[in-house]
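Q: here is a sequence with its predicted model. Questions after.
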Amino acid sequence: MKKTATFLCALALVMGSMSAQEERLITTDITPFSLQTPSNSFGAGKYQWKPLRTTNVELKDVLHNRTYNMDAILKEGKSVLIDFSAVWCGPCWTLHQSGNLDKILRELGPEGKNKLELFWVDIEGSSMEVWKGKKPSLGDWTHNETWIVPMVSDADLSGKIGVPVKFVPTLVLIGPDGKYIDVAGPVRSGNITALEDIMSDNITPNDKPQVVVKPSRSVLTKESIVLSVKVVSIPEVTYQWTIAGATPNSSTEATPTCVWATPGEYEVKLVVTNKNGSTEEKFIVKAEDKILVKTFPYKEGFNDVDLSPQWKTIDANGDGSTWETTINAVAPFGVSADFAQSISPDKSRNNMLNWSFLPSSIDGGGIQGKSVFPKDYLISPQIEIPNDEDAKPGCVIYALELSQENNTIGTTSMYVSTTGLKLDDFTEQVLSPSVLIGSNGWKSYAVDLSKFKGQKIYVAIVHEDKGDKGLARVLDNFTVTMDGTISTKPIASVAAIVTNYDAAAAVLTVEAEGLRSVRLFDTNGRVVAFAEGTDCLELSLGDLAPDVYVVQINTKDGVEVRKLMIQ
């Protein structure tokens, strides 16, 4: 079964059409052997790769006077990462100056794990003189001829290999099988783990195990923790864990369970072996004690990349998907971490997202996947409500509906438990299931917690969707106060903001009282235009390719997000 619809108000994850299928899309050419992955990891074929026209090309590194053959690199079982760039491009320069390309090359290139070769490619075939700062260059791209990244000047390369470059930077990863995928999100954010996760789709029968781990993770002391990493390998596979500070401190299981008794930072080492050899990975576990919230106001903005271990999630319908931070939820699909900020109600870095339509791929504004009909709980730390006659306890959460059209079935509700963290413990409903009609912005939900004075409670925010109209629910800024000052005023006023796009002049005009800035994001979450000022701003968009874009409008009252289609 397939369906197509258009997301309203540019609040969808990336803008465009959504095609649903009965089953999650799996695309892989690996058929001679089976893949082994830990029980809660994704298997190979998670990503959609596209075939290249050819890989028989030479890459001449002008900066270091060296020539590479792409075919030869791929036949070694390595990947090729290409940054198609231009010397006049602001976002390209920002990426260059961030040091993320250097970081990726050092960690995954020949001097690191030797998994890939990285190339910066000038799409206009500029000279070394221009690279070193001659106009229209934005600066010295060569770092005074010390930059470690190979620099290629080839205006025809994208056409030769068959990678469409509709905007710059265009960042693609080419696997050993000669297929490519957009990796703008992981590269722009410097997310090595996400990049390795994508690369693991290209395992061959002659490879050692591919192991993907996060460099660190946080846990609670005295709580049983299941250690799990992504492992892709041919059979048979053995595991050897060395777990500092935990009980047990070693294991040969694929996903061992252990406990840390004392707060601190501990190294965990894993060696995975198959007939082709062994792969060793290490990561740090940060153990912290469970907290009891007793100081108010208490606010959780969900701004870290990972959800704090103080918060818990329950996948009540068992679909394998539950609440994640937005950055983590979209990262596997090449969507930039900037996307979370682009939809944030207060320009903060991150928020929480729960899918109604679980993607298998996000590509060029299109989302493919399946509806999962979620019923998922996001649960707060334990909160002690003081038994104070003058206290006016209450809490508020902000919610945003990402939907393809008015979703009259997806709801947000809130429950309280005074006993524990099991599903059956949440018996007190404090917010009836509420629907977010349309997608005009963030809506606040406030509840009175006075009946729980003198008790310790957990608050659960529940997203449930029994239909097929929704894409995801997003939450932010959970706050508990004791003085009755919780504000539930809407964030940003839709009526107060006027936008107009003059297609002939390719100029976007935004007017609003207290206007501060306007950012335009492409479908990969990249900022492609920016202006700041007051009351009225104009953005010249003549260089942008026809596509759907997200307009983030920042005013003194908050943030409004709208859609812009350039045809």
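A: Arrived safely. Residues are numbered from 1 along each chain as shown.

Q: tell me which residues in stretch 286-304 are buried?
A: 287, 293, 296, 298, 300-303 (16 or more other CB atoms under 10 Å). Every residue, glycine included, has its C-beta placed from N, CA and C.

Q: got the CA positions of it in CSV?
A: Output of stretch 286-304 as CSV, limited to C-alpha atoms (Å, rounded to 0.1, in the frame of the first residue of the first chain):
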residue,chain,number,x,y,z
LYS,A,286,29.2,8.0,32.9
ALA,A,287,27.4,6.6,36.0
GLU,A,288,25.4,9.0,38.1
ASP,A,289,23.1,8.7,41.1
LYS,A,290,19.3,8.9,40.7
ILE,A,291,18.0,12.3,41.6
LEU,A,292,14.9,13.4,43.6
VAL,A,293,13.6,16.7,42.3
LYS,A,294,13.0,19.0,45.4
THR,A,295,14.1,22.4,44.1
PHE,A,296,11.8,24.5,42.0
PRO,A,297,11.3,25.7,39.4
TYR,A,298,12.5,22.5,37.8
LYS,A,299,12.9,22.7,34.0
GLU,A,300,14.1,20.1,31.5
GLY,A,301,14.8,21.5,28.0
PHE,A,302,16.0,18.2,26.5
ASN,A,303,19.0,20.0,25.0
ASP,A,304,21.7,17.3,25.2
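
Q: for stretch 410-424, what is the distance to the chain centroid?
A: Averaging C-alpha positions (CA atoms, centre = their mean, to the nearest Å) puts stretch 410-424 27 Å from its chain's average.

Q: got the domain ranges for the protein?
A: Annotated domains of the chain cover 31-202, 222-289, 298-481, 494-566 [automatic domain parsing].

Q: nearest to K208, of those domains?
A: domain 222-289 (4.1 Å; CB to CB).

Q: re earlier: can I get the buried residues of stretch 286-304 in a markdown table with secondary structure, distance to I123 and pLDDT?
A: What follows is these, written out as a markdown table (DSSP: H, G, I helix; E, B strand; the rest coil; distance: CB to CB, whole Å; pLDDT from 0 to 100):
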| residue | secondary structure | distance to I123 | pLDDT |
| --- | --- | --- | --- |
| A287 | strand | 48 | 96 |
| V293 | strand | 53 | 97 |
| F296 | coil | 54 | 95 |
| Y298 | strand | 50 | 97 |
| E300 | strand | 43 | 97 |
| G301 | coil | 39 | 96 |
| F302 | coil | 38 | 97 |
| N303 | coil | 35 | 94 |
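
Q: quick check: the farthest pair among the residues you listed?
A: A287 and F296 (26.4 Å).

Q: quick one on the thing from earlier: which stretch in the domains of the chain has the least confidence?
A: Looking at those, the lowest mean pLDDT belongs to domain 494-566 (a mean of 80).

Q: just the strands from the stretch 101-250 of the chain, written as ranges.
A: 116-122, 151-153, 170-174, 179-182, 210-212, 216-220, 225-226, 230-232, 238-243, 246-247, 250-251 (DSSP state E, counting those that start in this stretch).

Q: dump the ones you listed into JSON lines; add mean neighbour count and distance to M128 as well.
A: As requested, the strands of the stretch 101-250 of the chain are exported to JSON lines (neighbours: other CB atoms under 10 Å; distance: least, CB to CB, whole Å):
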{"stretch": "strand 116-122", "mean neighbour count": "23", "distance to M128": "10"}
{"stretch": "strand 151-153", "mean neighbour count": "22", "distance to M128": "8"}
{"stretch": "strand 170-174", "mean neighbour count": "23", "distance to M128": "22"}
{"stretch": "strand 179-182", "mean neighbour count": "21", "distance to M128": "27"}
{"stretch": "strand 210-212", "mean neighbour count": "21", "distance to M128": "37"}
{"stretch": "strand 216-220", "mean neighbour count": "16", "distance to M128": "40"}
{"stretch": "strand 225-226", "mean neighbour count": "16", "distance to M128": "53"}
{"stretch": "strand 230-232", "mean neighbour count": "24", "distance to M128": "41"}
{"stretch": "strand 238-243", "mean neighbour count": "17", "distance to M128": "49"}
{"stretch": "strand 246-247", "mean neighbour count": "16", "distance to M128": "54"}
{"stretch": "strand 250-251", "mean neighbour count": "16", "distance to M128": "54"}
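
Q: out of those, which gets nearest to E267?
A: strand 238-243 (8.1 Å).

Q: what lies in contact with the closest one?
A: 227, 249-254, 256, 258, 266, 268-274 (CB atoms under 8 Å, 6 or more residues apart in numbering).

Q: now do the helices in the protein.
A: 70-75, 90-98, 100-108, 128-131, 157-161, 184-189, 192-199, 326-330, 338-342 (DSSP state H).

Q: who wins for proximity to D502 among the ones you listed?
A: Once these are compared by CB to CB, helix 90-98 is nearest, at 22.3 Å.

Q: in that closest one, what counts as buried?
A: 91-93, 95-96.

Q: that older thread, buried among the contacts of strand 238-243? Make that a PyMOL selection.
A: Here is the PyMOL selection string for the buried members of these, based on 16+ other CB under 10 Å:
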select buried, resi 227+251+254+256+258+266+268+270+271+272+273+274
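
Q: tell me which of the contacts of strand 238-243 fall in strands.
A: 250-251, 258, 266, 268-274 (DSSP state E).

Q: pick out the most distant pair among the residues you listed.
A: Among the ones in strands among the contacts of strand 238-243, Y266 and N274 lie farthest apart (CB to CB), at 27.1 Å.

Q: quick one: the strands in the stretch 401-550 of the chain?
A: Counting by DSSP E, counting those that start in this stretch, the strands of the stretch 401-550 of the chain are 411-417, 428-435, 443-448, 456-464, 470-481, 497-502, 507-512, 515-521, 527-532, 536-540, 547-555.

Q: looking at the domains of the chain, spot the one closest to K214.
A: domain 31-202 (5.1 Å).

Q: please convert the strands of the stretch 101-250 of the chain to CSV, extending it with distance to D543.
A: What follows is those, written out as CSV (distance: least, CB to CB, whole Å):
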stretch, distance to D543
strand 116-122, 17
strand 151-153, 21
strand 170-174, 14
strand 179-182, 20
strand 210-212, 37
strand 216-220, 40
strand 225-226, 49
strand 230-232, 39
strand 238-243, 51
strand 246-247, 54
strand 250-251, 55
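
Q: ok, which of those strands comes nearest S413?
A: Nearest to S413 among the strands of the stretch 101-250 of the chain is strand 216-220 (26.3 Å), distances taken as CB to CB.

Q: okay, now the sheet partners of the closest one, with direction.
A: The pairing partners recorded for strand 216-220 under DSSP bridges are strand 277-288 (parallel).

Q: quick one: residues contacting the nearest residue to V462 once chain neighbours are set aside.
A: Nearest non-adjacent residue to V462, counting by CB to CB, 6 or more residues apart in numbering: S413, 4.8 Å away. Applying CB under 8 Å, 6+ apart, one finds that S413 lies in contact with 429, 431-434, 461-462, 464.

Q: can you tell me which of these is nearest T279?
A: I461 (39.3 Å).

Q: wait, that closest one touches V396, no?
A: No: at 10.8 Å, I461 does not count as touching V396 under the criterion of CB atoms under 8 Å.

Q: in terms of neighbours, single out the busier of the two.
A: I461 (24 against 17; other CB atoms under 10 Å).

Q: from G90, how far off is the closest residue to that one other than its chain neighbours?
A: Of all residues not flanking I461 in the chain, L378 sits nearest, at 4.7 Å (CB to CB, 6+ apart). Noted for L378: a distance of 37 Å to G90, by CB to CB, to the nearest Å.

Q: same thing with V231?
A: 40 Å.

Q: ok, now V62?
A: 23 Å.

Q: number of nearby residues for G139?
A: G139, neighbours per other CB under 10 Å, totals 13.

Q: and it, what does it touch?
A: 93, 97, 133.

Q: just those residues now: which is nearest G318?
A: The closest of the contacts of G139, once distances to G318 are taken by CB to CB, is Q97, at 45.7 Å.
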